[in-house]
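[1] structure for the following, please:
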Amino acid sequence: MSVLSDNYSGCTVLIYNMNGDHLMDTVVTEHNREEQQIQVGSLPEDLHINDNCSLLVLTSPSPCEYLGKVKKVGGSVFIAMFQGQEKENRTATRYAVNAPALIDTLITEGQPYSLHTPLTIRLINISTGGVRFRAPYYSLADGDVFQMRMIISQNKKKLIAQVVNHVDNEPSSSDYGCIFLYGD
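    Below you'll find the predicted structure:
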């Protein structure tokens, strides 16, 4: 889990309840590093003052994960971000996300090769270390390195990832598990 090191204003944040159910994607309108809290454009209807939640902030080179608590300061609603004890000793949590993305470049032996027609994919889940997505049947092989562009809410991310495993859903699609190598 990352620590608060950047300004998250303008970043997309994925909000989940403590059962791991996706509630909404929204944009961080204000980030107060000293108070370790963010203000977002809107909150899900299912989230109330003093409710706990889980957050995935889409930052570079990879997303940052936090536990959160909804609080009210003056007339504004904020989400306090903290690192929960139960999060420190486990691997990166996967968060469901249903969003399109494009693979526009393959990287072979360190050299980028742009695709004339980008490969359209559908994100399945994302974590601080990687992503799982669905693509047309046998589009990539284990070990392939590629650049993908994803847009979740208003946040555009360009990431370099590597396929670590795949499951074929013959004959129409394959699901790919990938690790993030770096991004911007």
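[2] quick one: the helices in the protein?
    Assigned by DSSP state H, the helices in the chain fall at 85-88.
[3] pLDDT below threshold where in it?
    Across the chain, the ranges flagged by pLDDT under 70 are 1-6, 60-61, 74, 83-92, 183-184.
[4] which strand residues bridge the nearest residue to Leu119 once chain neighbours are set aside?
    In this structure, Leu119 finds its nearest non-sequential neighbour in Ile103, 4.2 Å apart by CB to CB, 6 or more residues apart in numbering. C-betas here are computed from N, CA, C, even on glycine. Ile103 has these beta-bridge partners by DSSP bridges: Leu119, Met148.
[5] surely Ile103 and Arg122 touch.
    No. Using CB atoms under 8 Å, Ile103 makes no contact with Arg122, being 11.7 Å away.
[6] which residues are in contact with the residue nearest to Leu119?
    Ile103 sits next to Leu115, Pro118, Leu119, Ile121, Ala135, Ser139, Leu140, Phe146, Gln147, Met148 when contact means CB atoms under 8 Å, 6 or more residues apart in numbering.
[7] same deal with Asp51?
    When contacts are counted by CB under 8 Å, 6+ apart, Asp51 touches Asn17, Lys69, Val70.
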